[in-house]
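Peer 1: Have a look at this prediction, sequence included:
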Amino acid sequence: MLLALALSTSPTTASAGKAHVHGVMSLNIAVEGALLSVQLDTPQDSLVGHERRPRPGAEATAAAAALALLRDAPRWLRPDAAAGCTPGTVTVAPGKLEGAAQPGDKDTGHADVGASVEWRCQTPAALKGVDVLLFDAFARTERINVQVAGGSGPAKQTLRKNNRRVALAR
């Protein structure tokens, strides 16, 4: 039940009602037994510097690279190796990053991108933390607000470029 409550919204709707702040990502983590569930929500601007469909060339290349990274969970998230966690399928809500801009498009408003993945851990007791590598790939990201559910109860943490580890109290 804890897991269902923590991750009951899809990546695109999870940020509804929350402030949309460029440079700030949200990460929800739930730990239940051998399952580590992670959900990321971010303004598209924090990934690629704009909130519209990418223009052909460099913007399209950057958008494709951002989505490829998010679809490859071990490139942006590292649970403790001793826990033996293996990622499952990553679900990505691409915002406006997929599809090319068309002449005359009125591409206005905010765009959010989301990703979610469930990891299965062979030794859940060894899962003490998760390293978040998003700052390396997305220079516009200044802060990641983390909410953790599970273990010893809910907790909030704030990650910055010099502090990228989410502690999972058990």
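Peer 2: Received, thanks.
Peer 1: per-residue confidence averaged over the top helix by length along the chain?
Peer 2: Assignment by DSSP state H gives helix 58-71 as the longest helix of the chain. Summarised as a single mean, pLDDT over helix 58-71 is 96.
Peer 1: what do you get for stretch 113-123?
Peer 2: The predicted confidence, averaged over stretch 113-123, sits at 97.
Peer 1: Remind me what the longest helix of the chain packs against, helices and strands.
Peer 2: On a contact count with 3 or more C-beta pairs under 8 Å, 6 or more residues apart in numbering; DSSP states H and E, helix 58-71 meets helix 44-48, strand 91-93, strand 112-121. Placement of C-beta: from N, CA and C, glycine included.
Peer 1: possible to save these as CSV with distance to Cys85?
Peer 2: Shown next, in CSV, are the helices and strands packed on helix 58-71 (distance: least, C-beta to C-beta, whole Å):
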stretch, distance to Cys85
helix 44-48, 24
strand 91-93, 17
strand 112-121, 4
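Peer 1: least trustworthy helix or strand in the protein by mean pLDDT?
Peer 2: When each helix and strand of the chain is scored by mean pLDDT, DSSP states H and E, helix 2-6 comes last, with a mean of 40.
Peer 1: got the angle for whichever helix or strand comes after that one vs strand 112-121?
Peer 2: Downstream of helix 2-6, the next assigned helix or strand under DSSP states H and E is strand 24-32. Interaxial angle, strand 24-32 versus strand 112-121 (axes from the mean of the first three to the mean of the last three C-alpha atoms, to 10 degrees): 30 degrees.
Peer 1: and strand 24-32, what other elements does it pack with?
Peer 2: Checking 3+ C-beta pairs under 8 Å, 6+ apart, strand 24-32 ends up next to helix 2-6, strand 35-43, strand 143-150.
Peer 1: any chance of the ones you listed in a markdown table, with mean neighbour count too?
Peer 2: Formatted as a markdown table, the helices and strands packed on strand 24-32 follow (neighbours: other C-beta atoms under 10 Å):
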| stretch | mean neighbour count |
| --- | --- |
| helix 2-6 | 14 |
| strand 35-43 | 24 |
| strand 143-150 | 19 |
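Peer 1: who's in contact with Gly129?
Peer 2: Pro79, Asp80, Arg165, Val166, Ala167, Leu168 (C-beta atoms under 8 Å, 6 or more residues apart in numbering).
Peer 1: Check what pLDDT His22 gets.
Peer 2: The model's pLDDT for His22 equals 73.
Peer 1: Cool, thanks, talk later.
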